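Visitor: A structural model of the following input is requested.
(2 chains)
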Protein chains: 2
Amino acid sequence: MASQITREWSGINTFAPATQTKLLELLGKLKQENVNSLTILVMGKGGVGKSSTVNSIIGDRVVSINPFQSEGPRPVIVSRSRAGFTLNIIDTPGLIEGGYINDMALDIIKRFLLNKTIDVLLYVDRLDVYRVDNLDKVVAKAITDSFGKGIWSKTILALTHAQFSPPDGLPYDEFFSQRSESLLKVLRSGARIKKEAFQAASIPVVLVENSGRCNKNDSDEKVGD
Amino acid sequence: MASQITREWSGINTFAPATQTKLLELLGKLKQENVNSLTILVMGKGGVGKSSTVNSIIGDRVVSINPFQSEGPRPVIVSRSRAGFTLNIIDTPGLIEGGYINDMALDIIKRFLLNKTIDVLLYVDRLDVYRVDNLDKVVAKAITDSFGKGIWSKTILALTHAQFSPPDGLPYDEFFSQRSESLLKVLRSGARIKKEAFQAASIPVVLVENSGRCNKNDSDEKVGD
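Guide: So this is what the prediction gives:
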């Protein structure tokens, strides 16, 4: 990646001013600690919003969205620099397509990553789905088999479609915590990691809303509910 | 069902006045044609909003909602009468739970229906999901094996979560038609019905929003977008 000229991360300018300020503060702190790049690997099942999330982070439509079709078979890397800091995001094809594990995609992702260091795995799924199933387990197993158990200590769970109303008047916070817990539980079970080890990894859960209609707070920042 | 005393369908009173008027007109027409009851069978995968839809039709919380858990194993019949007309709705357990076909549920539904005539199969799925998969096919096959191919000519496809914004600025109408088409296609394929025969059944597709936040038109009626 060093030989490429990296485009300016100008999409930051589209973020809420408060978000821009916080982000630039954060990049400044990272630079003080001699951290000047971050590589995020985005994975998850098909149709959960991986590419939309990549576009939201970059602040530009850098990867195309195909809600109804499975994505192309290759990962895509998008790099942006800002204030001497380089952000690399790797968007990948859905690990489940048509109800089956996408072994070819997994294989291509592994080969694509051979000479790259991943700082963060952004595991994407939807907030507004109620049930976990065997496929979630299969995905977690496939990720662990490919990247080792250590990948889970670098993982952030991103839940898309955050701007939604839980059914039957369930409070949003309660829905969020139930959904996170059941998803983390099935991922842990698929990864075959001991409960204590998985809890030690303490995977952060973040809410993502990629459509334009997100609620905003007084500082114009997107908020869940 | 004849020996039971059927409760008044008072939930109608909670509908928009324009909807009430249309519904009572319709019931009047059906009575003129000597139709004085309607039995709706509600089926679909787990967690798609079957029970919420039943509650919305009855206009009351008659069945309990368990977004995160699989439902009880038994079907539930709810009956309401209005102006000499009886509505029976049969809510059923999810046909897919945890990623597998729920054979036990299917068997119990079949036995439950032995002495009942079904006028309408309301097949429920979510509008706001982008991919169809092999499980949809398996469900269609299971329904056909259990009730015969004729069931599809009595079917209405109900798409829940209608109040949602399609991703990437896709127009709502286009999203709706793509989602309907892909779902009908996979159902047909699972049911192993010839394309022409399935088209002849011309399954109506309806939009359903069970949360309180649906858009409304000038007559206070819920509308999709």
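Visitor: For the closest residue to residue A:7 other than its chain neighbours, give the beta-bridge partners.
Guide: In this structure, residue A:7 finds its nearest non-sequential neighbour in residue A:80, 5.8 Å apart by Cβ to Cβ, 6 or more residues apart in numbering or on different chains. Where C-beta positions appear, they are placed from N, C-alpha and C, glycine not excepted. Judged by DSSP bridges, the bridge partners of residue A:80 are residue A:7, residue A:87.
Visitor: what's the neighbour count on residue A:80?
Guide: Neighbour count for residue A:80, taken as other Cβ atoms under 10 Å in any protein chain shown: 21.
Visitor: need the contact list for it.
Guide: Shown in contact with residue A:80 (Cβ atoms under 8 Å, 6 or more residues apart in numbering or on different chains): A:6-11, A:58, A:86-87.
Visitor: Please save the CA atoms from the helix or strand hosting residue A:198 in CSV.
Guide: Element membership of residue A:198, judged by DSSP states H and E, is helix A:195-201. Output of helix A:195-201 as CSV, limited to C-alpha atoms (Å, rounded to 0.1, in the frame of the first residue of the first chain):
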residue,chain,number,x,y,z
LYS,A,195,-17.0,-18.1,27.8
GLU,A,196,-14.4,-16.4,30.0
ALA,A,197,-11.9,-15.9,27.1
PHE,A,198,-14.7,-14.4,25.0
GLN,A,199,-15.8,-12.1,27.7
ALA,A,200,-12.2,-11.0,28.2
ALA,A,201,-12.2,-10.0,24.5
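Visitor: returning to that earlier point: just the buried members of the contacts of residue A:80?
Guide: Those of those that meet the buried threshold are A:6, A:9, A:11, A:58, A:86-87, by 16 or more other Cβ atoms under 10 Å in any protein chain shown.
Visitor: Quick check: residue A:205 touching residue A:178?
Guide: No: judged on Cβ atoms under 8 Å, residue A:205 makes no contact with residue A:178 at a distance of 11.8 Å.
Visitor: Strands of chain A, residue ranges please.
Guide: A:7-8, A:37-44, A:76-82, A:85-91, A:96-97, A:100-101, A:120-126, A:155-160, A:205-207 (DSSP state E).
Visitor: List the contacts of the spatially closest residue to residue A:198 that is not a sequence neighbour.
Guide: Sequence neighbours aside, residue A:188 is the residue nearest to residue A:198 in space, at 4.3 Å (criterion: Cβ to Cβ, 6+ apart). Shown in contact with residue A:188 (Cβ under 8 Å, 6+ apart): A:140, A:195, A:198.
Visitor: What's the local residue count around residue A:69?
Guide: 13.
Visitor: How about residue A:150?
Guide: 10.
Visitor: That one and residue A:53: what is the separation?
Guide: 23 Å (Cβ to Cβ, to the nearest Å).
Visitor: beta partners for the most centrally placed residue in chain A?
Guide: Most central in chain A under Cα atoms, centre = their mean is residue A:122, positioned 3.1 Å from the mean C-alpha point. Here residue A:122 sits in beta bridges with residue A:42, residue A:156, as judged by DSSP bridges.
Visitor: tell me which of the buried ones among the contacts of residue A:80 is nearest to chain B?
Guide: Nearest to chain B among the buried ones among the contacts of residue A:80 is residue A:58, at 14.2 Å by Cβ to the nearest Cβ.
Visitor: and that closest one, what does it touch?
Guide: A:9, A:11, A:78, A:80, A:87, A:89.
Visitor: would you list these in a markdown table and tack on pLDDT?
Guide: Shown next, in a markdown table, are those (pLDDT from 0 to 100):
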| residue | pLDDT |
| --- | --- |
| A:9 | 92 |
| A:11 | 89 |
| A:78 | 95 |
| A:80 | 95 |
| A:87 | 95 |
| A:89 | 96 |
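Visitor: Around chain B, which positions in chain A sit nearby?
Guide: A:46-47, A:49, A:52, A:65, A:67-68, A:70, A:97-100, A:128-135, A:161, A:164-170, A:175, A:178-179, A:182, A:210-213 (Cβ under 8 Å from any Cβ of the partner chain).
Visitor: For PyMOL, write a command that selects the buried ones of the residues you listed.
Guide: In PyMOL, a selection of the buried entries from the residues of chain A next to chain B looks like this (16+ other Cβ under 10 Å):
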select buried, chain A and resi 46+47+49+52+65+67+70+97+98+99+128+129+130+131+132+133+135+161+164+165+166+167+175+179+182+210+211
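Visitor: Would you mark the buried spots in the helix of greatest length in chain A?
Guide: Longest helix of chain A, by residue count under DSSP state H: helix A:172-191. Neighbour-count burial for helix A:172-191 flags A:175-176, A:179-180, A:182-184, A:186-191 (criterion: 16+ other Cβ under 10 Å).
Visitor: Which of the residues you listed sits closest to residue B:36?
Guide: residue A:175 (41.2 Å; Cβ to Cβ).
Visitor: Isn't that closest one up against residue A:169?
Guide: No: using Cβ under 8 Å, residue A:175 makes no contact with residue A:169, being 10.3 Å away.
Visitor: got the contact list for the residue lying closest to residue A:129 once chain neighbours are set aside?
Guide: Excluding its sequence neighbours, the residue lying closest to residue A:129 (Cβ to Cβ, 6+ apart) is residue B:47, at 7.2 Å. By Cβ under 8 Å, 6+ apart, the contact set of residue B:47 is A:129-131, B:67, B:94.
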